[in-house]
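Novice: fold the stuff below for me.
(chains A and B)
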Amino acid sequence: MNILVCVKQVPNSTEIKIDPETNSLIRDGVPSIVNTFDGFALEMAARIKDKREAKIVVMSMGPEQAKAALKECLAVGADKAYLVSDRAFGGSDTLATSYILSKAVRTVEAEEGVFDLIFCGKQAIDGDTAQVGPELAEHLDYPQITCITDITLEEGKIRAERQTENGKEIWEASMPAVVTVTKPDFEPRCSSVKSKIAARHAAIPVLTIDEIKAEVERIGLKGSPTKVKKTFVPPRKNGGVVVQEETERESAIKLAALLSDAGIALGGAKK
Amino acid sequence: MKGCKNIWVWIETADGAAKNAGLELLTPGRRMADSAGESLVAVIIGNQAEKAAKSAIAYGADRVILVQDDRFAEYNTEPFTDAMCQLIKKYKPNAVLFGASGAGRDFAPRVACRVATGLTADCTGLDVDAETGIVRWTRPAFGGNLMAVIECPDARPQMGTVRPGVFKKRTPDENRTAEIIRETVKTPPEGRSKLIHRISDAAENMVNLEEAEIVVSGGRGLGKPENFALVRALADALGGAVGSSRAAVDAGWISHTHQVGQTGKTVGPKLYVACGISGAIQHLAGMSGSDTIVAVNKDQDAPIFGLADYGIVGNLLEVLPALTEEIKRLKTASDSELK
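Specialist: Model (predicted):
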């Protein structure tokens, strides 16, 4: 069983603050982490490896620093890591990024063998687009199951539990396939001191535009149909009303009256 | 771009009926089509979906493209992508809007990639330039800490998924009429993935959190799992759905399907009541788009109060039952007034 897990290094969103002076995001000094959902995806892959013969390769597109994220993955179950990195990749949107990843998948497969299963996190917590997984599947011409919370392997196919708006769905797909992972019922495992040290010394090959043979007009800003026109910090609300009566019961009654006056909360009974 | 015209809205169906995720997009779609001088077209891929076509017309579509086949009874990535891409190739729309539902987020990227265009995810704002027909998509990033305005100036169609609940359905006009174009498409007989069965969460069956107009959520401030009953009672009185913070899910007080926030669901109700939720940034990411936010918490420094329109600093065990009782009383009073 040959598994690929795609991971992204992202700033830890809990640490992001807004600069009250400039009204912009403070990113300096914010620690980087393996994207939460990619961590879940790696754990799901590691659970397959716990039960059967399997090799897990992790791959990340990003700058040199993203090697740190790959080393974290090597410390918790990944066997081999590749960094896809080139200045020419900068500014890529989801279409260009998924194209680059698809070319990198084929390049890595020449080395590691064809992947039966490709895991991605459902979305990255910085961009939140949830597009790269499905677009990667499309570039590779593979079936996909998105937003899964569990997976089992059967002869030549996968069976996955998919999270939906109102419950779960069970899907099957033939392999090779791409799956994207949302929060499962289990937590990712921790690394041991020994595995951490081994990961620290692991060699991580870097794949550039030449290695993956990407077409230059399909990558970077040029290959990205979407353009970010501007970014802004959403306006904060100007302080809400704090209801503070003598007792909590009175506060509750006052609040109900305020909501009612504002025309909400009565489930349509009030015009 | 020359020759690409009209605003399309994908209407997702369930058992042949239109789902809200699509119908509510006919509201901004109507506005965009009018301002660009184009038509608003509802695209339905389904089975026995005549009723969905009727709804799309009642909610404002100028035209419906209806593709019906047994194979489209349930959403499935590859057959739906094949069908949509054939329609796009034939009719060349200017823009296609998808609801950012589970299916929409599975479907739209696949289509965008195949037709090699840009897709803006999970938009909360939509606008079109009347001169150029270029859509300005506004979307949150970094968990809602930053908003971005995205454009797709050259590739067509321009595509985006739109967060459910941001736009409200119009009042339907059952007398509206519009053309229904019945299309057939070529697709492979079977997709490589297959839906085996559905497991509905019994409680969730009652109301869909993402489409709910009122959400009452509980967090660790409730103190113990039994106190979730107070949250449920208030939700019942308001006719709303029950949500929760991640902390309450992690503590095992309620199932993950109720979780609101970055690793849970994104909601945009008219009213969001946060009970005993401190307001970690990951939770705010899932509910900051709510129209009105009420917070009840004993800690007056809880970040949730920074976002709340109304707040009560106090003991939940006192506040929630009193609030539930008062809402019921007001509701009964106003019901009898109407009689």
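Novice: from now on I want contacts and neighbour counts done on CA atoms only, so please keep to that.
Specialist: OK.
Novice: so where's the chain shaky on pLDDT?
Specialist: Just going to use chain A. Applying pLDDT under 70 to chain A flags residues A:13-25, A:27, A:235-239, A:265-271.
Novice: not what I meant, chain B
Specialist: Chain B contains residues with pLDDT under 70 at B:1-2, B:143, B:201-207, B:337-339.
Novice: counting by contacts, list what the longest helix anywhere in it packs against.
Specialist: Longest helix in chain B by number of residues (criterion: DSSP state H): helix B:316-338. Packed against helix B:316-338 by the contact rule (3 or more C-alpha pairs under 8 Å, 6 or more residues apart in numbering or on different chains; DSSP states H and E) you find helix A:248-261, helix B:228-238, strand B:292-297.
Novice: can you get me a residue count around the spatially closest residue to residue B:81 that is not a sequence neighbour?
Specialist: Once flanking residues are discounted, residue B:81 sits nearest to residue B:111: 5.5 Å by C-alpha to C-alpha, 6 or more residues apart in numbering or on different chains. By other C-alpha atoms under 10 Å in any protein chain shown, 25 other residues sit near residue B:111.
Novice: which parts of the stretch 101-250 of chain A are helices?
Specialist: Secondary structure of the stretch 101-250 of chain A, counting by DSSP state H, counting those that start in this stretch: helices at A:132-140, A:193-200, A:209-212, A:248-261.
Novice: about what we covered before: quick one: closest of the helices and strands packed on helix B:316-338 to residue A:94.
Specialist: Residue A:94 lies closest to strand B:292-297 among those, at 33.1 Å (C-alpha to C-alpha).
Novice: so who does residue B:152 touch?
Specialist: A:225, A:226, A:227, B:118, B:134, B:135, B:158 (C-alpha atoms under 8 Å, 6 or more residues apart in numbering or on different chains).
Novice: looking at it, the fourth one is touching residue A:224, isn't it?
Specialist: So that's residue B:118. Yes - between residue B:118 and residue A:224 there is a contact under C-alpha atoms under 8 Å: 7.3 Å.
Novice: before we move on, the earlier item: which among the contacts of residue B:152 gets closest to residue B:326?
Specialist: Nearest to residue B:326 out of the contacts of residue B:152 is residue B:135 (C-alpha to C-alpha; 45.5 Å).
Novice: now that closest one: closest residue in space that isn't a chain neighbour?
Specialist: In space, residue B:135 comes closest to residue B:128 once its chain neighbours are excluded; the distance is 4.3 Å by C-alpha to C-alpha, 6+ apart.
Novice: may I have the phi/psi pair for the one you found?
Specialist: phi -130, psi 140 (degrees, to the nearest 10).
Novice: ok, now the one 10 residues further on?
Specialist: With angles defined as degrees, to the nearest 10, residue B:138 sits at phi -110, psi 130.
Novice: what number of residues lie near residue 210?
Specialist: By default, I'm working from chain A. Other residues near residue A:210 come to 10 when the count uses other C-alpha under 10 Å.
Novice: if you could check chain B rather than the one you did, that'd help
Specialist: The number of residues packed near residue B:210 is 24, by other C-alpha under 10 Å.
Novice: quick one: it from residue B:200, how far?
Specialist: Distance, residue B:210 to residue B:200, using C-alpha to C-alpha, to the nearest Å: 15 Å.
Novice: swap in residue B:269?
Specialist: Distance from residue B:269 to residue B:200, counting by C-alpha to C-alpha: 22 Å.
Novice: the contacts of residue B:152 into a markdown table, with extra columns for neighbour count?
Specialist: Formatted as a markdown table, the contacts of residue B:152 follow (neighbours: other C-alpha atoms under 10 Å in any protein chain shown):
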| residue | neighbour count |
| --- | --- |
| A:225 | 23 |
| A:226 | 25 |
| A:227 | 17 |
| B:118 | 28 |
| B:134 | 20 |
| B:135 | 23 |
| B:158 | 28 |
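Novice: from these, which is closest to residue B:325?
Specialist: residue B:135 (46.9 Å).
Novice: hmm, back to that, anything in contact with each of residue B:118 and residue A:224?
Specialist: Between them, residue B:118 and residue A:224 share the contacting residues residue A:95, judged by C-alpha under 8 Å, 6+ apart.
Novice: could you chop the chain up by domain?
Specialist: As the question left the chain open, I've gone with chain A. A:2-218, A:237-271 (automatic domain parsing).
Novice: meant chain B actually
Specialist: If you go by automatic domain parsing, chain B breaks into B:7-183, B:202-338.
Novice: distance to residue A:244 added to the ones you listed, as JSON lines?
Specialist: Compiled in JSON lines, these are given as follows (distance: least, C-alpha to C-alpha, whole Å):
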{"stretch": "domain B:7-183", "distance to residue A:244": "30"}
{"stretch": "domain B:202-338", "distance to residue A:244": "7"}
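Novice: distance check, the nearest residue to residue B:189 once chain neighbours are set aside against residue B:235.
Specialist: Excluding its sequence neighbours, the residue lying closest to residue B:189 (C-alpha to C-alpha, 6+ apart) is residue B:71, at 8.0 Å. Residue B:71 sits 39 Å away from residue B:235 when distances are taken as C-alpha to C-alpha.
Novice: cool, and residue B:76?
Specialist: 34 Å.
Novice: can you pull the residues of the stretch 1-150 of chain A lying near chain B?
Specialist: Residues of the stretch 1-150 of chain A lying near chain B by C-alpha under 8 Å from any C-alpha of the partner chain: A:13-14, A:18, A:25, A:95, A:125-132, A:134-135, A:137-139, A:143-147.
Novice: any of those residues buried? List them.
Specialist: Among these, those scoring as buried are A:13, A:25, A:95, A:125-132, A:134-135, A:137-139, A:143-147 (criterion: 16 or more other C-alpha atoms under 10 Å in any protein chain shown).
Novice: mind listing which of those are in strands?
Specialist: Applying DSSP state E to those, the entries found in strands are A:25, A:144, A:145, A:146, A:147.
Novice: go ahead and confirm the fourth one touches residue A:173.
Specialist: The one in question is residue A:146. No - judged on C-alpha under 8 Å, residue A:146 makes no contact with residue A:173 at a distance of 11.3 Å.
Novice: spatially central residue for chain B, please.
Specialist: Nearest residue to the geometric centre of chain B (C-alpha atoms, centre = their mean): residue B:164, 1.4 Å.
Novice: about what we covered before: residues in contact with the residue nearest to residue B:189?
Specialist: B:47, B:79, B:189.
Novice: same check on residue A:251?
Specialist: Taking C-alpha under 8 Å, 6+ apart, we find residue A:251 in contact with A:243, A:244, A:245, B:312, B:319.
Novice: I'd say the last one and residue A:252 touch.
Specialist: Meaning residue B:319. Yes - taking C-alpha under 8 Å as the definition, residue B:319 is a contact partner of residue A:252 at 5.6 Å.
Novice: show me which of those two is the more surrounded one.
Specialist: More crowded of residue B:319 and residue A:252, by other C-alpha under 10 Å: residue A:252, with 28 against 24.
Novice: what residues are up against the closest residue in space to the more buried one that isn't next to it in sequence?
Specialist: Closest residue in space to residue A:252, ignoring its immediate chain neighbours: residue B:323 at 4.8 Å, by C-alpha to C-alpha, 6+ apart. Residues counted as contacts of residue B:323 (C-alpha under 8 Å, 6+ apart) are A:249, A:252, A:253, A:255, A:256, B:234.
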